[in-house]
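*Asks:* Need coordinates for the following:
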Amino acid sequence: MQKLQTRAQFEAVLKGPVLAKTAHFAIHGQPLPLLGQAATGLIAHQAAIGAMVPKRWAKRAVTRNLLKRQIYALSPHLLGSGLPRAFVVRLRHSFSGPQYSAAASQALKLAARSQLISLYASALEAGR
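*Replies:* This next block holds a predicted model:
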């Protein structure tokens, strides 16, 4: 699994449909051939993943890094078996509340992990 690197790659994938949503995340997907010029630098027969965790929804860098690590750690296991597609996972709501008071709490890790697993499963069903 390769990572999206350039702004053009992210923008090309975000033009594609939203494949699945959870309470906090959304995943966009696009087949690699449809990316056109933006696919420069990507291997044509491998899936690619990108993570968007904006400051608007995750104020602290510790939280943004934790969420990105979760996105990238789970993606090869859940999305690697599909067709050569590019995916962007985007945080669309903040994790707030008393159970997520610490920037990198265990509760936040578990909540993000469970949502990402269900998000990836739904995206694979929608992509087939």
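*Asks:* So which residue is dead centre in the protein?
*Replies:* residue 89 (2.1 Å; Cα atoms, centre = their mean).
*Asks:* which residues does that one bridge with?
*Replies:* Beta-bridge partners for residue 89, by DSSP bridges, are residue 27, residue 51.
*Asks:* if I read this right, residue 62 contacts residue 108, doesn't it?
*Replies:* No. Residue 62 is beyond contact range of residue 108, at 9.9 Å (criterion: Cβ atoms under 8 Å). C-beta coordinates here come from the backbone N, C-alpha and C atoms, glycine included.
*Asks:* returning to that earlier point: quick check, the residue nearest to the centre of the chain in contact with residue 119.
*Replies:* Yes. Under the criterion of Cβ under 8 Å, residue 89 makes contact with residue 119 at 7.1 Å.
*Asks:* who touches both of these two?
*Replies:* Taking Cβ atoms under 8 Å, 6 or more residues apart in numbering as the criterion, residue 89 and residue 119 both touch 25-27.
*Asks:* Now those in JSON lines, please, with extra columns for neighbour count and pLDDT.
*Replies:* Shown next, in JSON lines, are the shared contacts of residue 89 and residue 119 (neighbours: other Cβ atoms under 10 Å; pLDDT from 0 to 100):
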{"residue": "25", "neighbour count": "24", "pLDDT": "97"}
{"residue": "26", "neighbour count": "18", "pLDDT": "97"}
{"residue": "27", "neighbour count": "27", "pLDDT": "95"}
